[in-house]
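Asker: Quick one: sequence and predicted model below, then my questions.
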Amino acid sequence: MSDNTPIRLSIPRQERTEFSLFPLTADAASAWAGDLPVTNTPRLVQQLLDAIEELNQVVVPAERRFGLIEAMRPSLQVAMSSLPRRFINQPLVLPAEPQHIADLAEQLFSAAGTAYTLVAVHATRDRESIQNINPARLVCEALQRALCFTGCRIFQRYQLYQTLEPGVWQTLHQLYAFAERQQLTRAQVSGVKGAETTVSATYLKSLLLACCKPSQLRQSDLAAVFRCLEEWSGLASISAAGEGLFSVDLSSDRPPAYAGAMLNSEAPQLRIIATGPVVARLRQLQEESDHTTQQGVVFDNDTRLYPHVIQHMTDALSSISMRNFNRSPFQQQLQVALGLSSAHFHCAGKRNFDQVLRGANYQPDASERKSGNPFMEHRITDQWERNDPDGIHRSENRPDASTGRDSQSIEPDAETRKVLLGESPDDPASSAERFPLFPVQAVNVGPGGYCLRWATGLPGDARSGDVLCVREHDNSEWAIAAIRWTTQLEERDTMVGIELLSPRATAYGAKIRHHQGAPSEAIRVLMLPEIALVAQPRTLVTPRTGFHERLKITLLRNGLRHDIQLQQQVATTSTFSQFEFRDIPEEQKGDPAQDYNPSSDAFESIWSKI
């Protein structure tokens with residue numbers, strides 16, 4: 001950055017000479033912070049916020065101000081780790097109380113960032129008066145912490161799918177520009193959590209987060225991305241010249257963009273971001289995951305970076321993804337059913353799962369009409385070892401489920417599912433209540449999907465990556481789609497972008513054929529037909545858990561069966577996977593005592609109706 005370019009940082013005036021809470025010494029600040037109610041998070045945050053905001057208005061030398069804030073930092077970290085539990089995994093449109101907690105958290109991050117910015121500005125201005133520490137080191141540590149807390153503001157907004165307030169990106173850029181002018185961007189300092197880091201790595205952590213298309217990730221996956229960038233952001237580099245996929249204008253109030261989109265590439269404020277080493281590290285992790293049973297990378301506090309998120313980061317940081325079509329206004333109400341179970345039910349013509357498997361006219365005989373108590377009859381398997389009976393079908397409620405390939409106890413038996421979920425073949429109303437339809441207003445439409453306005457009153461567990469079915473009011477066919485991004489507007493409505501996967505689907509049951517033992521219980525899957533116009537082969541949409549490439553399964557519908565083998569996985573999210581598949585020839589179907597093999601003509605008659 002040119003030395004003639006002004007640094008535009010907004011800081012409060014220091015017009016007070018006294019502080020009301022404790023004497024202005026590090027020991028007094030530490031004792032005061034030690035008495036804070038750490039078990040009462042809202043009160044803890046409010047007291048810290050009041051203290052820091054007041055301290056930001058008091059005249060204090062830079063060295064002493066830094067000591068005061070550092071003494072309160074352990075309490076700040078407690079608040080930072082406790083607060084997200086109050087507003088994460090809430091409805092897309094946050095209720096009043098979680099929104100209030102989120103606002104408090106953002107104010108705390110802003111006040112802490114301002115406190116450290118004051119230290120950096122005053123230490124630069126009054127460097128001659130600093131005696132107990134190298135002035136350059138003091139400025140560097142203060143700027144690193146200010147960048148860290150400003151980055152937390154950006155991360156929280158992304159995690160809540162909310163737009164950033166004006167000025168936040170500009171503050172982040174200007175803090176880095178300040179460090180760059182002082183030639184402190186690569187100096188090693190102790191970070192907020194004690195590990196060695198640099199101003200450049202802390203700045204790049206927020207930039208890379210923005211480059212990873214955060215609106216397309218679930219909240220838990222975003223937390224894992226932010227955590228991994230804490231360790232790997234230092235692999236990237238930022239410079240005034242060179243080659244890189246992304247660039248950022250330090251004089252702007254905007255996130256980084258593709259380098260080719262910057263028209264004035266000779267501007268002195270423009271910086272190039274090289275992500276190659278980060279991508280190389282991600283690809284190494286992908287290869288390790290393919291050759292081991294470990295799924296992803298586990299960080300502290302059980303934060304896991306799953307393989308599909310690693311793939312998402314790799315794609316986002318290594319290639320340009322630009323929209324190559326225009327959207328058209330489309331003001332129409334659509335019908336939406338959220339989740340794989342709901343999509344399965346409505347694509348099947350509102351038939352319950354047993355009717356899909358055995359035919360529309362199927363009625364249970366007397367022996368199947370039990371009282372509903374799974375402990376009334378003898379079973380070989382242990383009921384206590386069963387998982388959530390419909391969790392594999394409602395996988396949108398299991399965002400952190402493992403993708404272990406050898407899971408064999410994930411599918412409950414049909415009887416237990418009916419008991420615990422209230423699903424009865426002779427009570428179709430119960431299924432309709434479990435899989436409701438929601439009217440959603442479309443805003444615009446394009447070749448790839450719709451943009452929807454997600455208002456209050458809709459299911460609060462909708463997340464990026466969920467599968468759904470959607471149709472216009474004059475269309476009898478249900479299209480299959482996936483939520484690709486979400487953004488909350490200032491008026492508290494939420495915009496949701498959905499990508500169409502197929503114009504129609506056929507509901508099936510699938511039994512996993514294990515190498516040893518009997519096949520699994522039937523699991524809901526959707527078959528998407530071939531679309532020759534775009535060279536899309538027929539594919540199978542499955543829950544994410546328990547399905548993988550080369551797995552052999554038996555498809556069931558209307559009392560007929562057909563054996564297939566999953567081939568290439570063409571898509572995956574936190575809740576579902578999509579596979580190409582092939583038919584298994586008769587001679588490869590295995591033991592006929594375990595696998596019933598219908599004639600191919602019978603299956604072809606089903607396939608012709610898709």
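Answerer: Now that the structure is in, tell me what you want to look at.

Asker: looking at it, Pro42 is touching Pro98, isn't it?
Answerer: No. Pro42 is beyond contact range of Pro98, at 11.1 Å (criterion: CB atoms under 8 Å). Where C-beta positions appear, they are placed from N, C-alpha and C, glycine not excepted.

Asker: Spatially central residue for the chain, please.
Answerer: For the chain, Arg218 is the residue whose C-alpha lies nearest the centre (CA atoms, centre = their mean; 1.9 Å).

Asker: Now do the contacts for that residue.
Answerer: Residues in contact with Arg218 (CB atoms under 8 Å, 6 or more residues apart in numbering) are 399, 463-465, 574.

Asker: In the stretch 151-300 of the chain, where is pLDDT below threshold?
Answerer: Residue ranges of the stretch 151-300 of the chain with pLDDT under 70: 192, 261-267, 290-294.

Asker: all helices of it, in order?
Answerer: Along the stretch 151-300 of the chain, counting by DSSP state H, counting those that start in this stretch, helices occupy 168-181, 199-211, 219-232, 276-291.

Asker: Just give me how far the shortest one sits from the chain centre.
Answerer: Taking CA atoms, centre = their mean, to the nearest Å, the mean C-alpha location of helix 199-211 is offset from the chain mean by 18 Å.

Asker: Need the contact partners of it.
Answerer: Residues contacting helix 199-211 (CB under 8 Å, 6+ apart): 140, 143-144, 147-148, 150-151, 154-155, 158, 172, 175-176, 179, 184-187, 189, 191, 225-226, 229-230, 233-234, 236-238, 245-246, 248, 255-256, 273, 275, 278, 316-317.

Asker: right, and Thr198 touches Ala179 too?
Answerer: No. Look at Thr198 against Ala179 with CB under 8 Å: they stay out of range, at 9.2 Å.

Asker: what's the neighbour count on Ala532?
Answerer: Burial of Ala532 is recorded as 8 neighbouring residues (other CB atoms under 10 Å).

Asker: Then Ser574?
Answerer: A count of neighbours around Ser574, defined by other CB under 10 Å, yields 23.

Asker: Helix, strand, or coil at it?
Answerer: What DSSP: H, G, I helix; E, B strand; the rest coil gives for Ser574 is coil.

Asker: Not counting sequence-adjacent ones, nearest residue to it?
Answerer: Closest residue to Ser574 in three dimensions, ignoring its sequence neighbours and counting by CB to CB, 6 or more residues apart in numbering: Gly465, at 4.2 Å.

Asker: What's the local residue count around that neighbour?
Answerer: 22.

Asker: go on, Gln567?
Answerer: Neighbours of Gln567 using other CB under 10 Å come to 16.

Asker: what does Pro436 give?
Answerer: Applying other CB under 10 Å, I find that Pro436 has 11 neighbouring residues.

Asker: hang on, Ile480 is in a strand, isn't it?
Answerer: Yes. Ile480 sits within a strand when classified using three-state DSSP.

Asker: any idea how far Thr573 is from it?
Answerer: 13 Å (CB to CB, to the nearest Å).

Asker: got any residues that touch both of the two?
Answerer: Taking CB under 8 Å, 6+ apart as the contact rule, Ile480 and Thr573 both touch Val467.

Asker: Tell me which of the two has more neighbours.
Answerer: Higher neighbour count among Ile480 and Thr573: Thr573, with 26 against 22, using other CB under 10 Å.

Asker: Give the rounded mean pLDDT of the longest helix along the chain.
Answerer: Using DSSP state H, we find that the single longest helix of the chain is helix 96-125. pLDDT averaged over helix 96-125 equals 92, rounded to a whole number.

Asker: Tell me, how many residues neighbour the closest residue to Gly234 other than its chain neighbours?
Answerer: When the adjacent residues along the chain are set aside, Gly234 lies closest to Ala201, with 3.9 Å between them (CB to CB, 6+ apart). Per other CB under 10 Å, the neighbour tally for Ala201 reads 25.

Asker: ditto for the one 10 residues further on
Answerer: Around Cys211 there are 23 other residues, counting by other CB under 10 Å.

Asker: Distance of it relative to Asp315?
Answerer: Taking CB to CB, one finds Cys211 at 11 Å from Asp315.

Asker: With Val189 instead?
Answerer: Noted for Val189: a distance of 33 Å to Asp315, by CB to CB.

Asker: Could you work out the most separated pair of the contacts of Arg218?
Answerer: Pro399 and Ser464 (9.7 Å; CB to CB).

Asker: neighbour-wise, which of these two wins?
Answerer: Taking neighbours as other CB under 10 Å, Pro399 and Ser464 compare with Ser464 leading, 25 against 21.

Asker: thinking the more buried one is in contact with Thr494, fair?
Answerer: No. The criterion here is CB under 8 Å, and Ser464 misses it with Thr494 at 11.4 Å.

Asker: joint contacts of the two?
Answerer: Applying CB under 8 Å, 6+ apart, one finds that Ser464 and Thr494 are jointly contacted by Thr486.

Asker: so who does Leu222 touch?
Answerer: Counted by CB under 8 Å, 6+ apart, Leu222 has contacts 155, 158-159, 214.

Asker: Now, of the contacts of helix 199-211, which are buried?
Answerer: The neighbour count (16 or more other CB atoms under 10 Å) marks 140, 143-144, 147-148, 150-151, 154-155, 158, 172, 175-176, 179, 184-185, 187, 189, 191, 225-226, 229-230, 233-234, 236-238, 245-246, 248, 255-256, 273, 275, 278, 316-317 as buried among those.
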